[in-house]
Each structure stands twice: as C-alpha cells, then as structure tokens.
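**Q** Need coordinates for the below:
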Amino acid sequence: MSTQPRKILIITGEESGEMRAAPLLRAIKHYAPGTRFIGIAGDRCRNEGVETFADIRELAVMGFVEVIKHYPRLKKIFELTLQKARDEKPDLAILVDYPGFNLRLAIKLKKMGIKVVYYVSPQVWAWKASRVKIIKKVVDRMMVLFPFEKDFYSKHHYNADFVGHPLLDEVHAGTEASAFRTQLGLDTKRTVIGLLPGSRHNEIVRLLPMIYAAANILKENNPKLQFILLQAKTISDELLGKYARLAPEGLKITREYYNGINASDFCIVASGTATLETGILNKPMVVIYKTAWLTSALVRLVIKIKNVSLVNIVAGKKIVEELIQENATPARIIKEIQSLLDSPAKTQTMRNELAAIRTKLGNPGASQRAAKVVVEELSKTPALFKRSTSGS
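**A** This is a model prediction of the structure:
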C-alpha cells in the first residue's frame, strides 16, 4: 500500500514570483519526490513540472487603475482557480507574492480546508498593515525573505519563517563582463549603461520611451557611451519593437539578464526586484518608476516608508537615487547618471553601500530552507495519507 503523489496548488502571479517559485519547486521535488504541482505559472515553473491552467501573463497588471481596467479577466481567472481547487483537492497551496489576488484566494482556500503556505510576504510593513489580521487567520506559514519582515510580524504576534533571499543563489553572471560585451559587439573599453525598464507591459509603455529619451541625450553628450537593454522573459519582441525607432544608436538587446547587468558600468532600473539584482551585482544605478496618477495618489495616502526601492529599504537608508512619478523624467535621469559618470568617488561609495546589503539578505540556500517548511507542512496534512492506492 502506498500513497498517491502529493499535490500542491502553486500561484505565482507574475515574473518576479515565478523566479522565486521555480527553485522552490525544484527543492520540494528533491525532498518530496513525486510531488505533483498544478496552478498559475509561467515557463520557469512549467519547466519544473507545473501543470498550468492559466499563465502569469494573464495576471501581469499592477496598480489600482490597471486592476480595475482588467478586473473582468482577473475575476474569471480567480473563479477558475477556485474551481480547480475544488476539483483537484490539493494537499496544500503555495501562494507566491501577488497579494491582491493571493490573499483573497487564501481566504477562500482556508474555507475549503486547504492549508496555505505563503512565500514572499506582501509588503505589509510598507502599507496595508491591516492585512496582517487576515494573514494571521488564513496563512498557516508565512516565509519571508528579509530579517526586518520577521521582526515586523513578531511585533504583531505572528511567527514568520525567515528563509533568506534566493537571489543570493540565483544572481550570478555566467560570462565575464568583457567577454559578454564582445559577444554583443560592444567595445570592451567604453562605458556601458544597462537599461532595465521592467517586466510588465505597463512598465514598458510608461518607462521605456522616457529611458530611451534620456539615453539618446546622454549619447549626444558623450558619443562613446554604449547601451544594453535587458529584456525580461515576460516582454515580447513585438512590444519592444513598437519603440525601436526611439532607441539610442547602437543599442544592444539581450535576454541574458545577469550577464547584461554584469557587463554594465551603470544602470537605469525600474523599481522592483531588479534593483536588488543590480545591487547584488554591485552596479551603481538610478531607480525610476511611474504609474497611473490615481494609483500614485492613493499609494501616497497609505504608504509608510520613505524609500521605495528594495536596495534602499534593505539598506535602511537612501543609497541610490529614486526618481518616482513626476520626478521620473529624462532630464532627471540624465542628471543622476551624469553625476555618477563624473564622480568616481560617488560611484565607489555607492558600490561600497551596495556590497554591504548582501550581508543583510541572509545566507545562500533560501529555496532549500523554504522547501523544508513546505514539506514539513505536507507531512502534517492528514488528507495526504487518506488518498492511498495499491501498487509498488
């Protein structure tokens, strides 16, 4: 007599969650061979064996206004997820980030009697602290990436699991910087600026024209500058093609994200996980972001932190410049990048500060530690051992 494979519902929601989930699933398969995964995911998680009933590209929206605009589609996917949960009866659900969708889902799953493990905490420490009450009721285990998050939950009488940040295992350049520049046809001795406009459709629409405008003027002022555009997996060639006429002369485009960042001397980065990835690779940067004005106005009413970029949040102080909303303009980008180009001392100070944040991210092995939490919860799930069948 043996049990059927363990079944996990996994919801990643967007590319950043997908990147966290894939190595977690790989580690779970190591500790619990034969585990079956179903859910909403992208190529990374499908490569780990997830049977998807929706793709993360269908959920890749951000901001109040954007969510309202796409609400009918999101609601349809939400209802589909609930139906799949009822039909498949997973032993456990892993919800990765994407709180607007996933916390609502957690409430419904809990009512179905499905255990919920949450990976990558909602930013309750920045805004919507009221969500902690919901989390305490419906999330069986919350796995956090930053030590200050564990401290935050402790203050609210909830024991979160600090597993460390998986980026410490993931962010590595496979090719030496000069060699990668040569592969792209760039001069190894001239300055390279990396352009990271984001991984969502709306980010490209709002940020890429502005980034290109700044890059063109920077190149006019210094013709020897070279540019690499880092294309996220979720961004199509077709979307980038719409802005090709705006691109600076000689622009190189690559999907080899970490090699591209590593080959850059400075970066212009959309706020998000990419700022932390750029920081781990120790590249001086300017952070930008712009969203719908109503979204921005509403966020400003509730946000509780001074800085928005992860590198500054982890550092606990401002170490890189943040150009947000009305401050995100080509002129401001040019000013900040030029100040780094003109001041080796400022650049080195920023490098030193970025190197220091690595020590605040825990130790390598985050995905393995997170997998052990999941497997531990699986082992405590009675329903797992009720579905047995004969066989070897």
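**Q** Every contact and neighbour count from this point should use C-alpha atoms.
**A** Fine.
**Q** For burial, what's the neighbour tally of Ile319?
**A** Using other CA atoms under 10 Å, Ile319 has 21 neighbouring residues.
**Q** show me what contacts the residue nearest to Ala331 when sequence neighbours are not counted?
**A** Closest residue to Ala331 apart from its sequence neighbours, by CA to CA, 6 or more residues apart in numbering: Ala214 at 6.8 Å. Going by CA atoms under 8 Å, 6 or more residues apart in numbering, Ala214 touches Pro330, Ala331, Ile333, Ile334.
**Q** Try it again at 10 Å.
**A** Taking CA atoms under 10 Å, 6 or more residues apart in numbering as the criterion, Ala214 is in contact with Leu208, Glu220, Pro248, Ile268, Thr329, Pro330, Ala331, Arg332, Ile333, Ile334, Lys335, Ile337.
**Q** Likewise for Asp237?
**A** Listed by CA under 10 Å, 6+ apart, the contact set of Asp237 reads Gln231.
**Q** quick one: the helices in the stretch 51-200 of the chain?
**A** Assigned by DSSP state H, counting those that start in this stretch, the helices in the stretch 51-200 of the chain fall at 64-69, 71-88, 99-111, 131-138, 147-155, 167-170, 177-184.
**Q** Turn those into TSV, including mean neighbour count, distance to Thr278 and mean pLDDT.
**A** Conversion of those to TSV gives the following (neighbours: other CA atoms under 10 Å; distance: least, CA to CA, whole Å; pLDDT from 0 to 100):
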stretch	mean neighbour count	distance to Thr278	mean pLDDT
helix 64-69	14	27	54
helix 71-88	14	31	91
helix 99-111	18	24	94
helix 131-138	16	30	94
helix 147-155	17	20	91
helix 167-170	16	11	91
helix 177-184	16	14	97
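**Q** and Gly49, which of the ones you listed is closest to it?
**A** Proximity to Gly49 (CA to CA) singles out helix 71-88 among those, at 16.2 Å.
**Q** quick one: the closest one to helix 99-111, angle?
**A** 30 degrees (axes from the mean of the first three to the mean of the last three CA atoms, to 10 degrees).
**Q** who does helix 71-88 touch, helix- and strand-wise?
**A** strand 7-11, strand 36-41, strand 50-55, helix 64-69, helix 99-111 (3 or more CA pairs under 10 Å, 6 or more residues apart in numbering; DSSP states H and E).
**Q** re earlier: filter the contacts of Ala214 down to the buried ones.
**A** The neighbour-count test (16 or more other CA atoms under 10 Å) marks Leu208, Pro248, Ile268, Thr329, Pro330, Arg332, Ile333, Ile334, Ile337 as buried among the contacts of Ala214.
**Q** Max pairwise distance over these: which two?
**A** Based on CA to CA, the longest span within the buried ones among the contacts of Ala214 runs between Pro248 and Arg332 and measures 17.6 Å.
**Q** Which positions within the lengthiest helix in the chain qualify as buried?
**A** Longest helix of the chain, by residue count under DSSP state H: helix 201-221. For helix 201-221, the buried set under the neighbour-count rule, 16+ other CA under 10 Å, comprises 201-216, 218.
**Q** Show me what the mean pLDDT comes to for that helix.
**A** On average, the pLDDT along helix 201-221 is 96.
**Q** List the first helix or strand encountered after it toward the C-terminus.
**A** Heading C-terminal from helix 201-221, the first helix or strand you meet, by DSSP states H and E, is strand 226-230.
**Q** Low-confidence stretches in this structure?
**A** Within the chain, the set of residues satisfying pLDDT under 70 comprises 1-4, 59-71, 126-128, 292-305, 382-392.
**Q** change it to 80
**A** Across the chain, the ranges flagged by pLDDT under 80 are 1-5, 15, 57-72, 125-129, 291-307, 381-392.
**Q** thinking again about what came up before, can I get the buried ones among the contacts of Ala214 in CSV with distance to Gly316 and secondary structure?
**A** Listed next are these as CSV, based on distance: CA to CA, whole Å; DSSP: H, G, I helix; E, B strand; the rest coil:
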residue, distance to Gly316, secondary structure
Leu208, 29, helix
Pro248, 35, coil
Ile268, 21, strand
Thr329, 26, coil
Pro330, 27, helix
Arg332, 24, helix
Ile333, 23, helix
Ile334, 26, helix
Ile337, 23, helix
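**Q** re the thing from before, redo the helices and strands packed on helix 71-88 as JSON lines? Include distance to Lys252.
**A** Output for the helices and strands packed on helix 71-88, formatted as JSON lines (distance: least, CA to CA, whole Å):
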{"stretch": "strand 7-11", "distance to Lys252": "34"}
{"stretch": "strand 36-41", "distance to Lys252": "29"}
{"stretch": "strand 50-55", "distance to Lys252": "29"}
{"stretch": "helix 64-69", "distance to Lys252": "30"}
{"stretch": "helix 99-111", "distance to Lys252": "35"}
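**Q** Of all the ones you listed, which one is nearest Thr273?
**A** Among the helices and strands packed on helix 71-88, the nearest to Thr273 by CA to CA is helix 99-111 (15.7 Å).
**Q** measure Tyr152 to Ser367 for me?
**A** I think there's a mix-up here, since residue 152 is Phe and not Tyr. Plainly put, Phe152 is 22 Å away from Ser367 if you go by CA to CA, to the nearest Å.
**Q** if you skip the residues just before and after it, what's nearest to Glu51?
**A** Spatial nearest neighbour of Glu51, excluding adjacent residues (CA to CA, 6+ apart): Ile38 at 4.6 Å.
**Q** Pairing partners for the one you found in the sheet, please.
**A** On the basis of DSSP bridges, Ile38 is bridged to Leu9, Glu51.
**Q** Thought Asp87 was touching it, still the case?
**A** No: at 11.6 Å, Ile38 and Asp87 do not qualify as touching, with contact defined as CA atoms under 10 Å.
**Q** Indicate which one of the helices and strands packed on helix 71-88 is closest to Gly174.
**A** That would be strand 36-41 among the helices and strands packed on helix 71-88, by CA to CA, at 25.5 Å.
**Q** Quick one: list the elements packing against the helix or strand just after the closest one.
**A** As assigned by DSSP H and E, the chain's next helix or strand after strand 36-41 is helix 43-46. The contact analysis (3+ CA pairs under 10 Å, 6+ apart) places helix 43-46 against helix 15-31, strand 36-41, strand 50-55.
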